[in-house]
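J.: can't give you the sequence, but here's the structure:
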């Protein structure tokens, strides 16, 4: 059996999404910037996709900008905000995705900003009181704090963060890559200046995403070279990617309640199976708490073992795809900056299992079976 449980890294492309994209790969190929009929046809398709995404997020189409994915969208929001508004300070946490952390660290290194980090506890929870203290500094700041952590699943209170930031005249960028398509985002009422999405996180295509920019927080372009995206992003649009992105988000919203029920069931089932079959099992961050973590991520800390480094390798040999940390750097041996920040026991294997609507309980049973075979000292056989 082949089991894919790395859906926080990327999800399988939905059949309906591919069907929506195919005509724009084969038949409707005009450059959207051209004024002839072929170009007007594809331009109209892009604007319909933009309108659909804006409708789902309860905002205006003029506030949605297409990008190559979440990383570009994060860079766009962060770099251009600091440049446009002349900000000299930024606030983040040590648990952010590298698309945010590395960008802010670069800006700090080049002397453009002072960078402060919100305190976290051993479970990765933010200290909101410390955030407020940092914001009380007289100079306005860019605050970049995510909605859900991609590794440990922690959900953060973005409504509370937004209120705090706006009370101190700051700019709030929220990396929502892990939650767009799984939670509703009412942008008419959410006090964020920027949120971002990536199609491949919710069964859409890779290489396409979007940035929401509040109309009151208009920033300078990040990529120059053309008049695309209303003069905000140079470069020919990823036509069929945009079509697929909009279709995937539409499907996600249509099926959100059913998908959540299914994934919560899988996550609860795996937690129960792990706790039943292994002694001293732990869950990193808040991923074991159904109310305080995203319902499709479970980060498991296995009991101490000399062979802890081999668990992911052995799972892979047995056809199980999972992650040991941030999936976007799963090919490196640098390790997880998120888990390091939580100061875990170093002789424990940490495995992130992340679920999609295509996973089943039978697949969870298979993973547990293989863990019982591979793990040096399973305690109870189910």
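T.: Cool, got the structure. The structure displayed is predicted, hence computed values, not measured ones.

J.: Tell me the strands beside the helix or strand where residue 211 lies, with direction?
T.: Assessed by DSSP states H and E, residue 211 sits inside strand 209-213. Counting by DSSP bridges, the strands paired with strand 209-213 are strand 64-67 (antiparallel), strand 194-198 (antiparallel).

J.: Pick the most deeply packed of those.
T.: strand 194-198 (a mean of 29; mean count of other Cβ atoms under 10 Å). Bear in mind the C-beta positions are built from the backbone N, C-alpha and C, glycine included.

J.: So which of the strands paired with strand 209-213 is nearest residue 373?
T.: Residue 373 sits nearest to strand 194-198 of all the strands paired with strand 209-213, at 35.3 Å, using Cβ to Cβ.

J.: Now do that closest one: distance to the chain's middle.
T.: 9 Å (Cα atoms, centre = their mean, to the nearest Å).

J.: Stretch 341-356 now?
T.: Taking mean C-alpha positions (Cα atoms, centre = their mean), stretch 341-356 and its chain are 18 Å apart.

J.: And that stretch, end to end?
T.: 27 Å (Cα to Cα, to the nearest Å).

J.: Nearest to residue 28, out of the strands paired with strand 209-213?
T.: Here strand 64-67 is closest among the strands paired with strand 209-213 (Cβ to Cβ), at 16.8 Å.

J.: who touches that closest one?
T.: 46, 50, 53-54, 57, 73, 76, 196, 208-213, 229-230, 232-233, 237-238, 242, 245 (Cβ atoms under 8 Å, 6 or more residues apart in numbering).

J.: can you do 6 Å?
T.: For strand 64-67, the surrounding residues in contact (Cβ atoms under 6 Å, 6 or more residues apart in numbering) are 50, 53, 54, 73, 209, 210, 211, 229, 232, 242.

J.: Which of the residues you listed fall within strands?
T.: 209, 210, 211 (DSSP state E).

J.: What is the nearest of the residues you listed to residue 126?
T.: Among those, and counting by Cβ to Cβ, the member closest to residue 126 is residue 211, at 23.1 Å.

J.: Which positions are bridged to that closest one in the beta structure?
T.: Beta-bridge partners, per DSSP bridges, of residue 211: residue 65, residue 196.

J.: ok, now which ones touch it?
T.: 65, 67, 73, 76, 77, 196.

J.: and if you look at residue 241?
T.: Residue 241 touches 205, 207, 208, counting by Cβ under 6 Å, 6+ apart.

J.: Could you report the pLDDT at the residue lying closest to the last one once chain neighbours are set aside?
T.: Counting by Cβ to Cβ, 6 or more residues apart in numbering, residue 241 is the residue found nearest to residue 208 once chain neighbours are left out, at 3.3 Å. Taken from the predicted model, the pLDDT recorded for residue 241 is 98.

J.: any idea how far residue 241 lies from residue 162?
T.: Distance from residue 241 to residue 162, counting by Cβ to Cβ, to the nearest Å: 29 Å.
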